[in-house]
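Asker: What follows is a predicted protein model with its sequence.
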Amino acid sequence: MEQYSAAEKIYELFSEKALALGIPEPVLVIAAYAIPCLVVINLIQGAAGMLTYAERKISADIQNRIGANRVGPFGLIQFLADGVKLFLKEDIIPDAADRKLFKLAPYIVLSSTVLAAIVVPFGGSFIVADLNIGLIFIIVVSSLLVVGFLMSGWASNNKWALLGGIRSAAQIISYEIPTALSLLCIVLITGTFSLQETVMSQGLWPWQWFIFHNPFSFVAFFIFFVSALAEMNRTPFDFPEAESELVSGYNVEYSGMRFSIFFIAEYGSIFIISGLAAAVFLGGGNIGLDPYESPLHMQLLMVGVFFAKTVPLCLVIIWVRWSMPRLRIDQMLTMCWKYFIPIAFACLVATAIWLLVFNGNGIFWRMPAP
Amino acid sequence: MAKYSSKEMVLNMGPHHPSTHGVLRFILQTDGEMMVKATPDVGFLHRGLEKIAEKVPWQSFMPYTDRIDYLASVNCNLGYALAVERLAGVEVPERAEYLRVIAAELGRLGSHFIGFGALLLDLGAVTPFVHALRERETFNDLMEMLTGARLTHNYVRIGGVSHDLPEGFLDKCREFVDHLEHEFIPEFNDLISFNSILINRLANVGVITEETAREFTLVGANLRGAGVPFDLRKDEPYSIYDRFEFDVPVGRGKFGQRGDCYDRYWVRVEEVTESCRIIRQAIDGLPGSGETRTRLPKVFKVPEGEAYVRTESPRGELGFYIISDGGKMPYRLKIRTGSFSSITIIEHISQGVMVADLVAIIGSLDVVAPEIDR
């Protein structure tokens, strides 16, 4: 199957008209690639903004507070005010810091999140690029995070930040394995790494989702979700930050805009991970129609379905953060190496055996005829 | 090629670290995340209270005692008042005794909310801390009704208390106590106390055996957490504590070894319930009317001599040793506080733990900085 690319689609749609208007072709090509990039970056930022608002409101509800309610109706545009404030703040770089690395680190962290968004199918044909190595791509770019964290921890020239950076390296590298293994369970079922195809081989109804394909994929979903929590440094696994232990961890020396970029990346990755879980395990935006051939209103419905699955997962992540204490770093690594990785391996092997025994069929799910 | 040597990292924790409440400083020697040694550095909050006492009249020192332990100021007021009363032989009216007990036990509640709440905050659990603060807010409202102040209450006077009860206080107080015992504590335990992450973090961490606790003269909840059932309210009753029925919670190694951080935490949670029982009995036994303050002469002089009175403050034994030369002012005043002995043990039990455990240990010992330095 040909790989789908939003940029090419845009180029096809507008090339005739634009060339007739006399716009040179290189400009058109650049524009065709720039549009999806801008959309994705803004989507991440918007999602991050709304998630900070949701986090503030939900944590306020959990803690008997009121939460943001000053800026806009119900405080809805508080995140814009926060953003403006952070961008206007003085940008401090400590004297002893390694200036180049210090400046570079936030962008690496953000780029890891934004790159992951490229292959996430937002429902319908709304996917930037349906790579045939989509899942591997996500796993690879999410490990870029380590580079950014370590870099910021080292470049700050602060012992607390360094400890945070080292913690994040230990944590993210460990939890990469169960995350990848649990995704592999689904890859075994579908036989593809492409995320759009993974979504397309599921269906509208819950029993057509891969989470209910067999008991092992059900376990794999939870392994994936918890490991993903650890990979993006959310409580109960927020060791790199751990404000009560390491002050603020890797970002302790950052201020203003660079600080806010770390947080856009953090909240963006909540959205991406939830979207990934929704797409791989919960059927994504699938409503039983071909995403590329359906009319626009059906495609928008698919987007709606995708968000209806993603947003609750985001809310669960927020909810977990505000009700759990933090583990200790050694306990977390024990949990990963002694429990999650063996269980994830067992799931992988058991899924393979299941597929062999039942000829590729799930409990309800049927292998499509070739 | 240059030779790389590996040596321990010296980390400076505090005085503005989020987990060193107040102004505490620790000099940590760490090997990565493992702690080799944590040396407390105290003295940032030294205000010279003991010297001030020598320069102000006996009654005027009362507001200063608020500042010894700002989380439970009534308990400090009470300790000082009892010491002066013993030396001067001042009688306290019955009603005032009951009011003192109600206020002091409320103070213990308010202090424990911050005590275990801040421990949980240090472990990353923000919500239980805010829930505890919500109850502390009710406590503040009650104390505002009773004393007019929300933090430094300055309620107890030599020979009684400053005001009689305001109207409606007893009902509100009873309501608060019922709410705590039947709603807050069960909910709080469901939310956090039996959370397996919390148990993993606290159980078997920072174990203090009975002998170590005695050697380092630990007091209060920290001593009881180590398994020593010693409570001054029970073993050496002052004021009218001998009239009330309550239990002394002791660390039993609920989820790990006896004397670990969880035991100290759990002793405090249980003490909340016990204080509620005392307050309820005190409200029931409160005489309907009567004096709340013995009249003292305009120029109050304490006869020559010395006295040592120890009381059970939320952070353990609070002792006032006073010497009088028969004048208007104390000749010498020495304050002995619980946090001081708690902080001495940190260096001993923090060897070989992780940085995250040190935070749990400091929190579980419920150290309050101004009480160390005075």
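Answerer: Great, that's in hand.
Asker: what about stretch A:173-193 and chain B, touching?
Answerer: No: if you take Cβ under 8 Å from any Cβ of the partner chain as the test, stretch A:173-193 misses chain B, and the best it gets is 14.7 Å. (Each C-beta comes from the backbone N, C-alpha and C, glycine too.)
Asker: Same question for stretch A:143-153.
Answerer: No: Stretch A:143-153 lies out of reach of chain B by Cβ under 8 Å from any Cβ, never closer than 13.3 Å.
Asker: now that stretch, how far from the centre of its chain.
Answerer: Chain-centre distance of stretch A:143-153: 16 Å, with Cα atoms, centre = their mean, to the nearest Å.
Asker: repeat for stretch B:163-171
Answerer: Using Cα atoms, centre = their mean, the offset of stretch B:163-171 from its chain centre is 25 Å.
Asker: go on, stretch A:221-231?
Answerer: 11 Å.
Asker: One more: stretch A:317-325?
Answerer: 18 Å.
Asker: Give me the contact list for it.
Answerer: The contact list for stretch A:317-325 (Cβ atoms under 8 Å, 6 or more residues apart in numbering or on different chains) reads A:51, A:54-55, A:58-59, A:62-63, A:229, A:234-236, A:238, A:270, A:273-274, B:120, B:123-127, B:191-192, B:195, B:197-198, B:201.
Asker: Spell out which residues of chain B are next to chain A.
Answerer: Checking chain B against chain A by Cβ under 8 Å from any Cβ, the hits are B:9, B:11, B:17-19, B:32-33, B:120-127, B:130-131, B:134, B:191-192, B:195, B:197-198, B:200-201, B:354-357, B:359.
Asker: Setting the sequence-adjacent residues aside, check what's closest to the closest residue to chain B within chain A.
Answerer: The minimum distance from chain A to chain B, using Cβ to the nearest Cβ, falls at A:R326 (3.0 Å). Nearest residue to A:R326 in three dimensions, chain neighbours excluded: B:G124, at 3.0 Å (Cβ to Cβ, 6 or more residues apart in numbering or on different chains).
Asker: My read is that that neighbour contacts A:D238, right?
Answerer: Yes: contact status for B:G124 versus A:D238: in contact at 6.9 Å, counting by Cβ atoms under 8 Å.
Asker: what sits in contact with each of those two?
Answerer: Listed contacts common to B:G124 and A:D238 are A:R326; contacts here mean Cβ under 8 Å, 6+ apart.
Asker: and residue 199, what helix or strand is that in?
Answerer: By default, I'm working from chain A. helix A:195-200 (DSSP states H and E).
Asker: You answered for a different chain; I wanted chain B.
Answerer: Applying DSSP H and E, one finds B:I199 within helix B:196-202.
Asker: Pull the distance from that helix to the chain's centre.
Answerer: Mean-position distance between helix B:196-202 and its chain equals 24 Å (Cα atoms, centre = their mean).
Asker: what do you get for stretch B:55-70?
Answerer: That offset, for stretch B:55-70, works out to 17 Å (Cα atoms, centre = their mean).
Asker: Buried residues in the helix holding B:I199, which are they?
Answerer: For helix B:196-202, a neighbour-count test (16 or more other Cβ atoms under 10 Å in any protein chain shown) marks B:I197, B:L198, B:I199, B:N200, B:R201, B:L202 as buried.
Asker: now, among those, which is nearest to B:Y4?
Answerer: The closest of those to B:Y4 turns out to be B:R201 (Cβ to Cβ; 34.3 Å).
Asker: ok, and the closest non-adjacent residue to that closest one?
Answerer: Of all residues not flanking B:R201 in the chain, B:L123 sits nearest, at 5.4 Å (Cβ to Cβ, 6+ apart).
Asker: and that neighbour, how far is that from B:D31?
Answerer: Per Cβ to Cβ, to the nearest Å, B:L123 is found 23 Å from B:D31.
Asker: Can you pick out the residue with more neighbours from the two?
Answerer: It is B:L123, of B:L123 and B:D31, that has more neighbours when counted by other Cβ atoms under 10 Å in any protein chain shown, with 33 against 12.
Asker: For the helix or strand B:E347 falls within, which helices and strands make contact with it?
Answerer: According to DSSP H and E, B:E347 maps onto helix B:338-349. In terms of contacts (3 or more Cβ pairs under 8 Å, 6 or more residues apart in numbering or on different chains; DSSP states H and E), helix B:338-349 is packed against strand B:34-41, helix B:210-215, helix B:220-225, strand B:316-324, helix B:355-365, helix B:369-373.
Asker: Break down chain A into its helices, ranges please.
Answerer: A:6-21, A:25-62, A:78-88, A:99-118, A:134-142, A:144-155, A:159-190, A:195-200, A:215-231, A:256-281, A:296-321, A:329-334, A:341-357 (DSSP state H).
Asker: For B:H182, find the nearest of these.
Answerer: helix A:25-62 (21.6 Å).
Asker: Pull up the gap between the closest residue to A:F193 other than its chain neighbours and A:P121, please.
Answerer: Nearest residue to A:F193 in three dimensions, chain neighbours excluded: A:L135, at 4.6 Å (Cβ to Cβ, 6+ apart). In this view, A:L135 and A:P121 are 12 Å apart by Cβ to Cβ.
Asker: Among the two, which residue is more densely surrounded?
Answerer: A:P121 (31 against 23).
Asker: Excluding chain neighbours, what is closest to that one?
Answerer: Nearest residue to A:P121, sequence neighbours excluded (Cβ to Cβ, 6+ apart): A:I127, at 4.3 Å.
Asker: Isn't the one you found up against A:V119?
Answerer: Yes: counting by Cβ under 8 Å, A:V119 is a contact partner of A:I127 at 7.1 Å.
Asker: Give me the common contacts of these two.
Answerer: What both A:I127 and A:V119 touch, as defined by Cβ under 8 Å, 6+ apart, is the set A:L195.
Asker: Verify the stated contact: A:I92 with A:V252.
Answerer: No: counting by Cβ under 8 Å, A:I92 sits too far from A:V252 to count as a contact (11.5 Å).
Asker: quick one, phi/psi of the one residue in the stretch 51-200 of chain B that gets nearest to chain A?
Answerer: Closest residue of the stretch 51-200 of chain B to chain A, Cβ to the nearest Cβ: B:G124 (3.0 Å). When read as degrees, to the nearest 10, the backbone of B:G124 gives phi 100, psi 0.
Asker: Strands of the stretch 51-200 of chain B, start to end?
Answerer: B:156-157, B:160-161 (DSSP state E, counting those that start in this stretch).
Asker: which of these is buried the deepest?
Answerer: When these are scored by mean count of other Cβ atoms under 10 Å in any protein chain shown, the highest mean neighbour count falls to strand B:160-161 (a mean of 26).
Asker: neighbouring contacts of that one?
Answerer: So strand B:160-161 is in contact with B:V92, B:P93, B:A96, B:L99, B:R100, B:A103, B:Y155, B:E291, B:T292, B:R293, B:T294, going by Cβ under 8 Å, 6+ apart.
Asker: out of the residues you listed, which are buried?
Answerer: Applying 16+ other Cβ under 10 Å to the contacts of strand B:160-161 flags B:V92, B:P93, B:A96, B:L99, B:R100, B:A103, B:Y155, B:T292, B:R293 as buried.
Asker: pLDDT weak spots in the stretch 1-150 of chain A?
Answerer: A:1-3 (pLDDT under 70).
Asker: and it, which of its residues are near chain B?
Answerer: Residues of the stretch 1-150 of chain A lying close to chain B by Cβ under 8 Å from any Cβ are A:S59, A:I62, A:Q63, A:N64, A:R65.
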